[in-house]
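A.B. asks: sequence first, predicted coordinates after that:
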Amino acid sequence: MVFTVVYFQDFIRCFAAMVKTVLNWSSGKDAALAYHLLRQDERYDVTTLLTTVNSEKDRVVMHGVREQLLDMQAERMGIRHKKVHLPPSPSHDVYNEAMTHVLAQLKQENITTAAFGDIFLEDLRRYREDQLATAGFKGIFPVWGMDTRDMVQLVDNVGIEAVIVCVNEAVLGKEFLGRKIDSSLLNDLPAGVDPCGENGEFHTFVYNAPYFKAPIPIQLGEVVHTVYPSPDPDKGEGYGFWFLDLYV
């Protein structure tokens with residue numbers, strides 16, 4: 001009986017010491033692997049997912065995934081999901097204002113740690129940390145510095161299942177849409193394309209993971225081409241992406 005009480009007290013102390021954390025959830029493999037690693041880390045308790053959504057199209061910003069599928073991911077993970085609805089192509093000021101507002105809400109719940117699936121983009125990490133510090137938050141980066149080929153292998157090995165839903169046409173053809181993220185993909189990516197698409201070459205959607213209570217039965221839909229205006233007209237007219245629509 002004494003041993004049982006001591007064990008229970010240790011469990012309570014451990015749980016109480018865990019840091020409540022919000023995970024920036026893109027719907028893709030990097031965030032999914034970050035969550036997988038955080039679940040194994042006794043220091044952090046991921047209580048909330050946070051995603052930016054295009055308010056006009058009801059789709060994940062950048063990935064183009066339907067909001068319905070995003071909701072299905074959170075439901076299968078059994079975790080609360082907060083969404084930041086933004087206009088198409090929001091300015092930095094609009095984005096920062098929206099994020100500042102949601103971080104203030106989370107801070108009222110004693111959540112002051114934010115996790116990201118970033119791997120090696122120093123400028124992006126510095127930007128995130130500066131913005132977080134202003135809001136009184138700390139940033140953590142569970143997959144930071146990992147070799148991206150090793151990351152693809154790890155995603156495959158732990159049972160995270162994801163498909164490519166968006167490609168930058170400057171570096172990848174639309175035939176890569178729908179490809180599963182696994183070891184075989186590494187043999188087919190053109191030279192210069194990061195295995196995890198960390199430079200924006202492609203984006204993914206996770207339809208199954210060890211922590212999903214059931215897979216999402218996705219169907220492959222229409223392929224759409226979109227051209228975005230260049231932020232610097234002197235460097236080109238714009239940049240194009242191919243998107244694969246998914247539905248259930």
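C.D. replies: Thanks, I have it. Numbers count the residues shown, from 1 in each chain.
A.B. asks: following the chain onward from the worst-scoring helix or strand of the chain on mean pLDDT, which element is next?
C.D. replies: Every helix and strand in the chain was compared by mean pLDDT, DSSP states H and E; the lowest is helix 2-17, with a mean of 48. Elements were assigned by DSSP states H and E; along the chain past helix 2-17, the next helix or strand is strand 19-24.
A.B. asks: surely residue 115 meets residue 20?
C.D. replies: No. Counting by Cβ atoms under 8 Å, residue 115 does not reach residue 20; the two are 11.2 Å apart. C-beta coordinates here come from the backbone N, C-alpha and C atoms, glycine included.
A.B. asks: higher neighbour count, the two?
C.D. replies: Set residue 115 next to residue 20 and count neighbours by other Cβ atoms under 10 Å: residue 115 wins out with 25 against 15.
A.B. asks: tell me the contacts of that one?
C.D. replies: 21, 22, 23, 24, 34, 38, 44, 46, 139, 140, 141, 142 (Cβ atoms under 8 Å, 6 or more residues apart in numbering).
A.B. asks: and for residue 119, the neighbour number?
C.D. replies: 23.
A.B. asks: and for residue 215?
C.D. replies: Residues within reach of residue 215, counting by other Cβ under 10 Å, total 12.
A.B. asks: residue 114 too?
C.D. replies: 24.
A.B. asks: test my guess that it contacts residue 20.
C.D. replies: No. Residue 114 is beyond contact range of residue 20, at 10.7 Å (criterion: Cβ under 8 Å).
A.B. asks: which SS state does residue 223 fall under?
C.D. replies: What DSSP: H, G, I helix; E, B strand; the rest coil gives for residue 223 is strand.
A.B. asks: now do the same contact list for it.
C.D. replies: By Cβ under 8 Å, 6+ apart, the residues touching residue 223 are 174, 177, 242, 243, 244, 245.
A.B. asks: if we go to 10 Å?
C.D. replies: Contact analysis of residue 223 by Cβ atoms under 10 Å, 6 or more residues apart in numbering lists 174, 177, 178, 242, 243, 244, 245.
A.B. asks: quick one: residues contacting the nearest residue to residue 182 once chain neighbours are set aside.
C.D. replies: Nearest-residue entry for residue 182: residue 156, 4.6 Å, with adjacent residues in sequence omitted and distances by Cβ to Cβ, 6 or more residues apart in numbering. Neighbouring residues of residue 156 by Cβ under 10 Å, 6+ apart: 29, 162, 180, 181, 182, 183, 184, 185, 186.
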